[in-house]
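In: Here is a sequence with its predicted model. Questions after.
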Amino acid sequence: MAGGWADLSMDLLAMIANRIELPKDFIFFTCVCTSWKIATTLDHKFDIFFTQTPLLMLADKHDDYREFYSLIKQKVTPLFLPEARQRHCCPSEGWLCTMDDSTGEMNLLHHLSRTQIQLPSRDNLMASNGLGDEVLWDFMEKAIFSASPSVTSDYVLVVNYHADINRLAFWRPGDLNWTNIKMNNLGAVMGINYYRGKFYYVTARGEFWVFEVQPNAVEQHLLYWSQHDIFLQHSAQYYLVELSDKLLFITRFAHYPELHRYKTYKFKIFEVDAIKGELKEEDEIKTLGDSAIFLGFNTGTCSIDSSKFPGIKPNYIYFTDDWYDKFSYFDGAGRDMGAYNFEDGEVESIYPGSSLSHISPPTWIIPSQIM
């Protein structure tokens, strides 16, 4: 051959790429050289996983595949992922914290490499809080990393779960057991995020708490207790999101119509001043600029610069169904999804089909480095 491997024609490289069956092999292909990576952008079946923008992981269908919808490509790509079949899935940092409802087995799962990291079980999680069979497990709401397991083994995983009441626990690589986080708050944890080396969460009563996981203890204190009437709403959800190095507090409002299904219609945003320990209640944020925010049930909330990603609209909030108390009714959760235009207050559709599940409804997942 006169030229090197980098000199192969784009058409030939695209044909080779389209014969790849495993995402991991596809990543190796893109790493050979620039021309090989460019060839994979020619409508390859795995191309949606390498945009670094959130993908909508669609609801569980009781089989070994999970489908991912790209807002940019506007297409659905199935991925062989038997490890996620009929499991609760909480995404964070490109990984899924999974739990088998029947056995209580818990793992961390990377959706592309299918790498798994075993976690202590649900029974162990309950025991960490001194809970026995007399307390019923409800559900796991969120899993938040301090750092991605793809890039370091020095990370902390915090889970927010419901067992009779709302609870928190953490795990670190090498730990044999979950460690309970003693909570002194008066309201259920609604939103949680990792920001500047600490975990922050907000409760339904308007309490803003912050804690650090130390080698032998968890240091936790009340940052601020808001008396804003926003916490008197009945059909509302609360989130903490980092945007442009600021910690934002977001409230999601919904109607609760006759059919007993929530319908989101508005969002409000305020900044949390982590230094002064207060919520800037007098300075409501009216625009996100070029940024877009992604949030919802089981989702590690995130924001991105939409100007870098055609197809992601600036000044929008993309949201998935987050009303767990109605998941068990009708045919499952996944109806209250959309994109909220912060400029005019209109809600647009983000997915053309229907995707419902009682176990694992649609949620955002952010592609990240593979192991």
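Out: Yep, that arrived.

In: make it CA atoms for all contacts and neighbour counts henceforth
Out: Fine.

In: List the contacts of the residue nearest the centre of the chain.
Out: Geometric centre of the chain, nearest residue: Thr299, 2.3 Å, by Cα atoms, centre = their mean. With contacts defined as Cα atoms under 8 Å, 6 or more residues apart in numbering, Thr299 is in contact with Cys90, Pro91, Ser92, Lys142, Ala143, Thr363, Trp364, Ile365.

In: Just the closest of the residues you listed to Thr103, please.
Out: Among these, Cys90 lies closest to Thr103 (Cα to Cα), at 17.3 Å.

In: where does that closest one fall, phi/psi-wise?
Out: The phi/psi pair for Cys90 (degrees, to the nearest 10) reads phi -120, psi 110.

In: so how far is Val76 from it?
Out: Between Cys90 and Val76 the computed distance is 20 Å (Cα to Cα, to the nearest Å).

In: Which one's more surrounded, those two?
Out: For Cys90 versus Val76, neighbours defined as other Cα atoms under 10 Å are more numerous around Cys90 (25 against 19).

In: Kindly provide the distance from that one to Ile366.
Out: For Cys90, the distance to Ile366 - Cα to Cα - is 12 Å.

In: what does Leu55 give?
Out: 6 Å.

In: Wait, Tyr239 touches Val202, no?
Out: Yes - between Tyr239 and Val202 there is a contact at 7.5 Å, judged by Cα atoms under 8 Å.

In: quick one: common contacting residues for those two?
Out: Taking Cα under 8 Å, 6+ apart as the criterion, Tyr239 and Val202 both touch Met190, Gly191, Ile192.

In: And this protein, what are its domain boundaries?
Out: As recorded under automatic domain parsing, the domains making up the chain are 1-45, 46-365.

In: With mean pLDDT added, can I get these in TSV?
Out: Below are the domains of the chain laid out as TSV (pLDDT from 0 to 100):
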stretch	mean pLDDT
domain 1-45	65
domain 46-365	90
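
In: ranking those domains by burial, who's on top?
Out: Ranked by mean neighbour count, those are led by domain 46-365 with a mean of 18 (mean count of other Cα atoms under 10 Å).

In: which residue sits closest to Leu136, ignoring its sequence neighbours?
Out: Spatially, and ignoring its direct neighbours in sequence, Leu136 is nearest to Ala163 (5.7 Å; Cα to Cα, 6 or more residues apart in numbering).

In: If the one you found is in a bridge, with which residues?
Out: Counting by DSSP bridges, Ala163 forms beta bridges with Ile165.

In: thought it was touching Phe139?
Out: Yes - assessed by Cα under 8 Å, Ala163 is found in contact with Phe139 at 7.2 Å.

In: Enumerate the helices of this protein by residue range, in sequence order.
Out: Assigned by DSSP state H, the chain shows helices spanning 10-17, 23-30, 34-39, 122-128.

In: what about Glu242, distance to Val347?
Out: 22 Å.

In: do Glu141 as well
Out: Taking Cα to Cα, one finds Glu141 at 25 Å from Val347.

In: Likewise for Leu247?
Out: 24 Å.

In: Then Arg114?
Out: Counting by Cα to Cα, the gap from Arg114 to Val347 is 35 Å.

In: which residues touch the closest residue to Ala236 other than its chain neighbours?
Out: Nearest-residue entry for Ala236: Phe253, 4.7 Å, with adjacent residues in sequence omitted and distances by Cα to Cα, 6+ apart. Residues near Phe253 by Cα under 8 Å, 6+ apart: Ser235, Ala236, Gln237, Thr264, Tyr265, Lys266, Phe267.

In: Quick check: beta-bridge partners of Phe253?
Out: Note on Phe253: beta-bridge partners by DSSP bridges are Ala236, Lys266.

In: Next: Gln116.
Out: Beta-bridge pairing for Gln116 (DSSP bridges): Leu109.

In: who's in contact with it?
Out: Taking Cα under 8 Å, 6+ apart as the criterion, Gln116 is in contact with Asn107, Leu108, Leu109, His110.

In: would CSV of these with distance to Asn180 be doable?
Out: Converted to CSV, these look like this (distance: Cα to Cα, whole Å):
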residue, distance to Asn180
Asn107, 18
Leu108, 19
Leu109, 22
His110, 25
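
In: Once you drop chain neighbours, what's closest to Glu271?
Out: Nearest residue to Glu271, sequence neighbours excluded (Cα to Cα, 6+ apart): Leu248, at 4.5 Å.

In: doesn't Glu278 make contact with the one you found?
Out: No - in this structure, Leu248 is not within contact of Glu278 by Cα under 8 Å, at 11.6 Å.

In: Can you pull the residues that touch both of these two?
Out: Common neighbours of Leu248 and Glu278, using Cα under 8 Å, 6+ apart, are Val272.

In: how close does Arg196 get to Glu207?
Out: As judged by Cα to Cα, Arg196 and Glu207 stand 19 Å apart.

In: Next up, the contacts around Pro310.
Out: Contact analysis of Pro310 by Cα under 8 Å, 6+ apart lists Ile72.

In: how close does Leu56 sit to Thr77?
Out: Distance of Leu56 to Thr77, computed by Cα to Cα: 10 Å.
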